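1. based on what follows, work out the 3D shape:
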Amino acid sequence: MDTPSPGTRVRAKLKNFLNSKMTKARGADLSDSPSGAGFPPPGPEGDSPAVDALHAELAEEKRKRALIAREAAETEEVVRNALTAANARVEDVEARRLELSAELRAAQAASQIFEKERFGIMKKLEDSRVEKSSLEQRVEELTRQVENLERERESKGGGGREAPAEETEGEDDARRLDMLSKLASSPASSDAAIRALTAEKDELAALLETEKQKKGEILEKLESFEEKMVEVQKEKQEIEDRKNEILAKLESFEEKMAEMQRERDGEGDLENGVDNDEEEDTRVATLTEEKEELAALLVVERDRAEAEKQKKSEILAKLEAFEEKMVDVQREKHEQAALLETEKQKKSDILAKLEEFEEKMAEMQRERDDAGNAAAEADAALTAEKDELASELEAEKQKKSEILAKLEEFEEKMVDVQREKHEIEDRKNAILAKLEEFEEKMAEMQRERDDAGNAAAEADAALTAEKDELASELEAEKQKKSEILAKLEEFEEKMVDVQREKHEIEDRKNAILAKLEEFEEKMAEMQREKHEIEDRKNAILAKLEEFEEKMAEMQRERDDAGNAAAEADAALTAEKDELASELEAEKQKKSEILAKLEEFEEKMVDVQREKNELASELEAEKQKKSEILAKLEEFEEKMVDVQREKHEIEDRKNAILAKLEEFEEEVGAVQRDKVGQLETSLADERAKSESLQKSIVDLADEMASLNEAFTKLERERDAHARRAEDEGVTEQSKIKVDLDVERKTNEDLKKELRDCLAGKHKLEEENQDRKDEIAVLEKLLQAERAAAASNASRKKKGLFGRK
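-> Numbers count the residues shown, from 1 in each chain. As a prediction, the model looks like this:
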């Protein structure tokens, strides 16, 4: 590559040859030298330094070209390595996507199983509600019987103390007196009635026990999904058992108090009063022992409350550990951001090298235009085509980055939609809780409606209308939720289409790279052919130099020999003919080379046609991308509609809450009006019904936790789909996947925290129940003290009567 051009060397040799001939002609006699008469005068003396300067410039240009070619080869090697690494990453991302798809299918199957079991639990919950309503009816009947019996007892006690003329005020009073006289004449029948009521209470307790057993079966099924709730359920069962024991003891205490009251009312004479007082003392002692046992049970309950506080402190310690873990995750995220910054710096360096390479290629293009060589022009065209393909690839990457940015923005919107969906779920659960509370109030209104009359019937109708309206709004809410889920499924299908189109783009990119490699091989082959032509030209020029030397030697011999000149001319002519034949062969080879160049030009035409096809494919790809962007815009419009529907749901929810508040105010007014009319004997039975209602509320809370678990599975599925879509682009998507995993763990920990808070709320409710029980016990103790005081006063009166 460092040798001068053939034309320059030929011109220099011809000048040297003519100068040598003219020098010889100056020393000879012009008249004696027939061959020297026709030579022209010598040329100027300054041609040789100019030719040397041209040689030096040409060598410098060739050295620059070699340096540029070496740098271009290095840059191409770097680009090829980067493309190979990108292809490897694409393959890894594809494998990861397949794994995530398998995990997603498994999660979907698990969610289906979970949904089936949830429906079974809902059915059992509905059955338990039906049984609860039947039990409430039985409780109401039993309560009415107890009220009748209490009224009869009160009327009996009043008949022993007041005159009969005051009680005969109508047919009802006469009928009551007849019943009281019968009861007074036959106390065994009264005891039989009490035993019958006690037996019916025992039957009701047995029914409640069967209800608890059914509840235990439902809890056993829930344990397979919520392992962490097992311990809480066991503790709740133990609390229920202890509560039942306390209630049983309270019932026995009430029965004994009632028996003492009956015996006090049935005392006939003062002589038997001493024995009755002794029996009452023994019973008071037994009641005191039972009171102490109840106090011991309350102490045990307080100890258990302290243990619950200890568990809460452990949960707070776990939360602190979780916060430390979050700090570590934040630090790792910053480190990953630094790594991404270094990766961007490397990419910018590669782009700078590519720009430098493009500048050098442009400079080579200008030099080839100056040289006028056809091979150089073809090389420039191919290089320009390569640059165009590289620019198209760069534009493709830019568009991919834009699509990825839009996908990230869309993912953020999807996260907001998921959060809003969870808020809607929470609101639905709140509405269901209020509906259950509404059903409880309906049951209470049903009990009060027997005393209220027409006003209660009107309130019942209004409440039923409110319930129907709430049910219709819940149905509309479920319909909107199903529509949102359908839209999400449609979007997932669109995302699958986008993923498929992305893979098609990757295949086209690989095809373009393969064509570029084939083009580089063709360029190398052309370079080899060009070097072969240069070698042949150098050989021909060497032969021309040898011919010129022989011509100079023959000229000298012709000057000396005379006749031998003719023979030398003949020899030179023969040699000249031989050289002419060699030149003819060289021309033939040159024509063959030109034919090959024409064939190469045809190949270049094919390459141009393929390039046009690639351009058309890229145009189609752009069209598809525009369609995808249009679909994304359409989806954004749909998201706006969903947002508007969400606001409408919020307005409806506020209206429902306002109606519920009005209803609560009305119920409170009715309750305030009816509180004075309720008897104290209904308190225990109502407490039992409220405990049953609380158990149903607990089941509803557990159903809410199951719904939260179902939404959690949906979030995991969405997270897997997003990771499968994002991991095929850059290493930054892997970091996002890690962040999604961390976010999932955070959500799990938050769920555990919510469960703990729910347990705390339940414990607070149970503590409130215990406080209520303590208040009842205090009232009973006050009644016991009053009874003891009355007994003491009676003893004093008996002693005074004996005196």
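2. what about residue 238, how many residues nearby?
-> Residue neighbour count, defined by other CB atoms under 10 Å, stands at 11 for residue 238. In short, each C-beta sits where N, CA and C put it, glycine included.
3. sticking with it, tell me its helix or strand.
-> Residue 238 is part of helix 230-265, with elements assigned from DSSP states H and E.
4. same check, this time on residue 327
-> Going by DSSP H and E, residue 327 is part of helix 271-371.
5. and if you look at residue 722?
-> Here residue 722 is covered by helix 682-726, with elements defined by DSSP H and E.
6. what do you get for residue 487?
-> Going by DSSP H and E, residue 487 is part of helix 454-561.
7. so who does residue 509 touch?
-> By CB atoms under 8 Å, 6 or more residues apart in numbering, the residues touching residue 509 are 393, 396.
8. need the contact list for residue 582.
-> Applying CB under 8 Å, 6+ apart, the residues near residue 582 are 540, 543.
9. specify the angle between the helix or strand hosting it and helix 454-561 in degrees.
-> In the assignment (DSSP H and E), residue 582 maps to helix 564-675. Orientation check (axes from the mean of the first three to the mean of the last three CA atoms, to 10 degrees): helix 564-675 against helix 454-561 gives 170 degrees.
10. one step back: averaged pLDDT, the helix holding residue 238. What do you get?
-> Average pLDDT, helix 230-265: 68.
11. check stretch 327-334 too.
-> Average pLDDT, stretch 327-334: 71.
12. cool, stretch 582-593 as well?
-> Average pLDDT, stretch 582-593: 74.
13. and it, which residues are buried?
-> residue 593 (16 or more other CB atoms under 10 Å).
14. same check, this time on stretch 480-498
-> Of all the residues in stretch 480-498, those buried under the rule 16+ other CB under 10 Å are 480, 484, 487, 488, 491, 495, 498.
15. closest to residue 766 out of those?
-> residue 480 (37.3 Å; CB to CB).
16. model confidence score at the residue lying closest to the closest one once chain neighbours are set aside, please.
-> Distances taken as CB to CB, 6 or more residues apart in numbering put residue 645 closest to residue 480, at 6.1 Å, once the chain neighbours are dropped. Looking at residue 645, its pLDDT stands at 75.
17. number of residues surrounding residue 645?
-> Per other CB under 10 Å, the neighbour tally for residue 645 reads 13.
18. hmm, it is touching residue 477, no?
-> No. In this structure, residue 645 is not within contact of residue 477 by CB atoms under 8 Å, at 10.5 Å.
19. contact partners for residue 748?
-> Counting by CB under 8 Å, 6+ apart, residue 748 makes contact with residue 712.
20. cool, residue 234 as well?
-> Listed by CB under 8 Å, 6+ apart, residue 234 has no contact partners.
21. any idea how far it lies from residue 241?
-> 11 Å (CB to CB, to the nearest Å).
22. check residue 384 too.
-> 89 Å.
23. what do you get for residue 49?
-> According to CB to CB, residue 49 and residue 241 sit 120 Å apart.
24. same check, this time on residue 123
-> Computed with CB to CB, the distance linking residue 123 and residue 241 is 27 Å.
25. likewise residue 289?
-> 21 Å.
26. ok, now residue 482?
-> Shown here: residue 482 relative to residue 241, a distance of 43 Å by CB to CB.
27. residue 498 too?
-> The value you get for residue 498 to residue 241, if CB to CB is used, is 59 Å.
28. check residue 444 too.
-> Residue 444 is 27 Å from residue 241, by CB to CB.
29. between those two, who's got more neighbours?
-> Higher neighbour count among residue 444 and residue 241: residue 444, with 19 against 11, using other CB under 10 Å.
30. where does the more buried one sit, in terms of helix or strand?
-> Per DSSP H and E, residue 444 falls inside helix 374-452.
31. next one: residue 55
-> Taking DSSP H and E as the definition, residue 55 sits inside helix 47-161.
32. ok, residue 763 next?
-> Applying DSSP H and E as the criterion places residue 763 in helix 731-802.
33. mind putting the buried residues of stretch 480-498 into TSV with pLDDT and distance to residue 776?
-> Formatted as TSV, the buried residues of stretch 480-498 follow (pLDDT from 0 to 100; distance: CB to CB, whole Å):
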residue	pLDDT	distance to residue 776
480	74	47
484	73	50
487	72	55
488	71	53
491	72	58
495	72	62
498	72	67
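34. distance to residue 390 added to those, as a markdown table?
-> Below are those laid out as a markdown table (distance: CB to CB, whole Å):
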| residue | distance to residue 390 |
| --- | --- |
| 480 | 51 |
| 484 | 45 |
| 487 | 41 |
| 488 | 40 |
| 491 | 35 |
| 495 | 30 |
| 498 | 25 |
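35. quick one: which of the residues you listed is nearest residue 131?
-> Closest to residue 131, out of all of these and judged by CB to CB, is residue 480, at 33.2 Å.
36. just to check, that closest one is in contact with residue 641?
-> No. Using CB under 8 Å, residue 480 makes no contact with residue 641, being 11.0 Å away.
37. the bottom helix or strand of this structure by mean pLDDT?
-> Lowest on mean pLDDT, DSSP states H and E among the helices and strands of the chain sits helix 171-185, with a mean of 48.
38. outside of stretch 649-664, which residues touch it?
-> With contact meaning CB under 8 Å, 6+ apart, stretch 649-664 is reached by 424, 427, 431, 434, 438, 463, 466, 469, 470, 473, 477, 480.
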